[in-house]
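1. structural data only, the sequence is not supplied:
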């Protein structure tokens, strides 16, 4: 294989080999040998010249494997189109040529069977088997291939169709489709009636009939979410998105779940909403969820994800507001209200803002006053400390009989024994008494303003709850199969923490 893909390198090797054998090895030849070795070493980081590549899904491919800058591997089969896969999909790489032509035929039969398992068109399947038998008539699997060809030719004659992973008659397909739809409808009803365990059981029955049914996977995810198992719910939604990255319902539900997991998952929720909005900007239910998410987002609102989603939402929601106004409904945060409700809520909102401003002003004033009291109290405390030291010193002098004051006169030092220390002591005691009274007053004021600040903080907490109760933000809700085409009516204005009436719409409340 190296010779097939690298003829220039092989020629250089042969040339260098001849030179070495003839004892004629020039500097230029040494240079080219060095280049050859370097190319082989460097290319090994990017190309694996593999004859046989075994993948996780069972395919065994003859061809070349090349590492791409993205980290994926490019598979270039000897026959068929190239495709990219992650490293995790590669089970084994066998270097060099297959052992014998029979092995090639066996490997190609495994690959053909994989192609058949992915196909829903009988003509394509029949053509694939016929091509295989034509290329490998002596294959050890020729008998099995011929039998399978006969089976699919009979399917084609009898009008068989594929349902899930089974080939059935049109009548059987209709019966199975009816069974699946009945189970889907039942699971949706179970979600509405807050019976997620029953909904999960119905979803599993659907998957037993049709393992790739995306409605069943979405219902299983919503059931897990309703049971409080957000990570399991995300697994189901991600499985849908792996097969169908443009599934708006799975994108919406993955976003709602990501928001519920923790703050770190919120950026991923914005990304899911952005993709969904690009695909279904006219879906009112999706717009309501995006409005709630933008209001509830706790991350960087100046970042690209948030700003891009906000711009997309504003453009789409303007059109939605024009449509909803014809029904007498108007956007209010993440909710829709009547004209009368809108007027009342706007009045409440204005009163709320004014009260908030007043509350904030009172809080700021109380903090300033309290700070001033603290500073005054600090000054008085230091004054009392100094006076106590002076009083203690004078009392000690008086107790030792030193009831006089020295002073310097025109003829030298003199002392006054008329009771100077006693007078000074009385003065200090008077000042100490006044300072202590002021200290009591300041401490009383300090306690009063501390209580006032605490009361304002408690009032602010209640005030925030009152603001939440106004329903400004709305709530993010799960979308169920059918909600994309038949959008349920808007949810009533409610608090985000309040449990919704399941009959209010087809969506499952967060």
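-> Looks like it came in fine. Predicted, not measured: the structure shown is a model, and the values here were computed from it.

2. taking the mean pLDDT, what do you get for the lengthiest strand in the chain?
-> As assigned by DSSP state E, the longest strand anywhere in the chain is strand 60-67. Per-region confidence: strand 60-67 scores 79 on mean pLDDT.

3. buried stuff in that strand?
-> With burial defined by 16 or more other CB atoms under 10 Å, the residues of strand 60-67 counted as buried are 60-66. Every residue, glycine included, has its C-beta placed from N, CA and C.

4. check stretch 254-265 too.
-> Buried residues in stretch 254-265, counted by 16+ other CB under 10 Å: 254-260, 265.

5. still on that earlier bit, which of the buried residues of strand 60-67 lies at the shortest distance from residue 142?
-> Closest approach to residue 142 among the buried residues of strand 60-67 (CB to CB): residue 60, at 17.4 Å.

6. which element is the closest residue to the closest one other than its chain neighbours on?
-> Closest residue to residue 60 apart from its sequence neighbours, by CB to CB, 6 or more residues apart in numbering: residue 107 at 4.2 Å. Assessed by DSSP states H and E, residue 107 sits inside helix 101-118.

7. residue 215 too?
-> Assigning secondary structure by DSSP H and E places residue 215 in helix 214-226.

8. state the mean pLDDT of that helix.
-> Here the average pLDDT along helix 214-226 is 96.

9. tell me which residues in the following helix or strand past that helix are buried?
-> Downstream of helix 214-226, the next assigned helix or strand under DSSP H and E is helix 230-243. By 16+ other CB under 10 Å, the buried positions in helix 230-243 come out as 230, 233-234, 236-237, 239-241.

10. which one of those is nearest residue 432?
-> Closest to residue 432 out of the buried residues of helix 230-243 is residue 230 (66.3 Å), distances taken as CB to CB.

11. still on that earlier bit, next secondary structure after the longest strand of the chain?
-> Next along from strand 60-67, by DSSP H and E: strand 73-77.

12. return the distance of the helix holding residue 215 from the chain's centre.
-> On the basis of CA atoms, centre = their mean, to the nearest Å, helix 214-226 sits 18 Å off its chain's mean C-alpha point.

13. give the other helices and strands that that helix contacts.
-> helix 170-192, helix 196-209, helix 230-243, helix 248-261 (3 or more CB pairs under 8 Å, 6 or more residues apart in numbering; DSSP states H and E).

14. poorly predicted segments of this protein, please.
-> Low-confidence segments of the chain (pLDDT under 70): 1-51, 69, 71, 95-99, 401-420, 464-473, 492-510.

15. starting from the longest strand of the chain, tell me which strands it pairs with and how they run.
-> Its sheet considered, strand 60-67 pairs with strand 47-48 (antiparallel), strand 50-55 (antiparallel), strand 73-77 (antiparallel) by DSSP bridges.

16. still on that earlier bit, and the buried residues of strand 60-67, which is closest to residue 73?
-> residue 65 (5.4 Å).

17. so the residue nearest to residue 452 when sequence neighbours are not counted is in which element?
-> Spatial nearest neighbour of residue 452, excluding adjacent residues (CB to CB, 6+ apart): residue 366 at 5.0 Å. Using DSSP H and E, residue 366 falls within helix 339-399.

18. which elements pack onto that helix?
-> In terms of contacts (3+ CB pairs under 8 Å, 6+ apart), helix 339-399 is packed against strand 330-332, helix 420-469.

19. got the contact list for residue 237?
-> Applying CB atoms under 8 Å, 6 or more residues apart in numbering to residue 237 gives the contacts 217-218, 221, 250, 253-254, 257.

20. dump these to JSON lines, plus distance to residue 306.
-> Below are those laid out as JSON lines (distance: CB to CB, whole Å):
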{"residue": "217", "distance to residue 306": "29"}
{"residue": "218", "distance to residue 306": "26"}
{"residue": "221", "distance to residue 306": "25"}
{"residue": "250", "distance to residue 306": "22"}
{"residue": "253", "distance to residue 306": "21"}
{"residue": "254", "distance to residue 306": "18"}
{"residue": "257", "distance to residue 306": "19"}
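
21. on that earlier part again, surely the residue nearest to residue 60 touches residue 52?
-> Yes. Counting by CB atoms under 8 Å, residue 107 touches residue 52, with 6.5 Å between them.

22. just to revisit the earlier point, and for the helix holding residue 215, what are the contacting residues?
-> Outside helix 214-226, the residues within contact range by CB under 8 Å, 6+ apart are 180, 183-184, 187-188, 191, 194, 196-197, 199-200, 202-204, 206-207, 210, 230, 232-237, 239-240, 243-244, 247, 249-250, 253, 256-257, 260, 478, 480-481, 508.

23. just the buried positions in stretch 200-217, please.
-> Under the neighbour-count criterion of 16+ other CB under 10 Å, stretch 200-217 has 200-203, 205-207, 209-210, 213-217 buried.

24. select, from the residues you listed, the two members most distant in space.
-> Maximum pairwise distance among the buried residues of stretch 200-217 (CB to CB): 18.2 Å, between 201 and 214.

25. related to what we said a few turns ago, and the angle from the longest strand of the chain to helix 101-118?
-> Interaxial angle, strand 60-67 versus helix 101-118 (axes from the mean of the first three to the mean of the last three CA atoms, to 10 degrees): 80 degrees.

26. centre of the chain to strand 60-67, how far?
-> Distance, stretch centre to chain centre, for strand 60-67: 35 Å (CA atoms, centre = their mean).

27. what do you get for stretch 281-293?
-> Relative to its chain's centre, stretch 281-293 lies at 17 Å (CA atoms, centre = their mean).

28. again, but for stretch 127-138
-> Worked out by CA atoms, centre = their mean, stretch 127-138 lies 48 Å from the chain centre.

29. ok so, going back, could you dump the buried residues of stretch 200-217 to CSV with distance to residue 160?
-> CSV is the format used below for those (distance: CB to CB, whole Å):
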residue, distance to residue 160
200, 32
201, 30
202, 28
203, 27
205, 24
206, 22
207, 22
209, 17
210, 16
213, 20
214, 23
215, 24
216, 23
217, 26
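
30. from these, pick the one nearest residue 329.
-> Distance ranking of the buried residues of stretch 200-217 against residue 329, using CB to CB, places residue 215 first at 29.2 Å.

31. what about residue 461, how many residues nearby?
-> Residue neighbour count, defined by other CB atoms under 10 Å, stands at 10 for residue 461.

32. give me the distance between residue 453 and residue 367.
-> According to CB to CB, to the nearest Å, residue 453 stands 7 Å off from residue 367.

33. before we move on, what about residue 244?
-> For residue 244, the distance to residue 367 - CB to CB - is 56 Å.

34. same check, this time on residue 231
-> Residue 231 is 44 Å from residue 367, where distance means CB to CB.

35. try residue 74
-> Residue 74 is 65 Å from residue 367, by CB to CB.

36. what of residue 344?
-> Distance, residue 344 to residue 367, using CB to CB: 34 Å.

37. likewise for residue 375?
-> In terms of CB to CB, residue 375 sits 13 Å off from residue 367.

38. when the two are compared, which one has more neighbours?
-> Comparing residue 375 with residue 367 by other CB under 10 Å, the one with more neighbours is residue 367, at 14 against 11.

39. reformat the buried residues of strand 60-67 as a markdown table; add distance to residue 338.
-> Compiled in a markdown table, those are given as follows (distance: CB to CB, whole Å):
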| residue | distance to residue 338 |
| --- | --- |
| 60 | 65 |
| 61 | 63 |
| 62 | 68 |
| 63 | 65 |
| 64 | 66 |
| 65 | 63 |
| 66 | 62 |
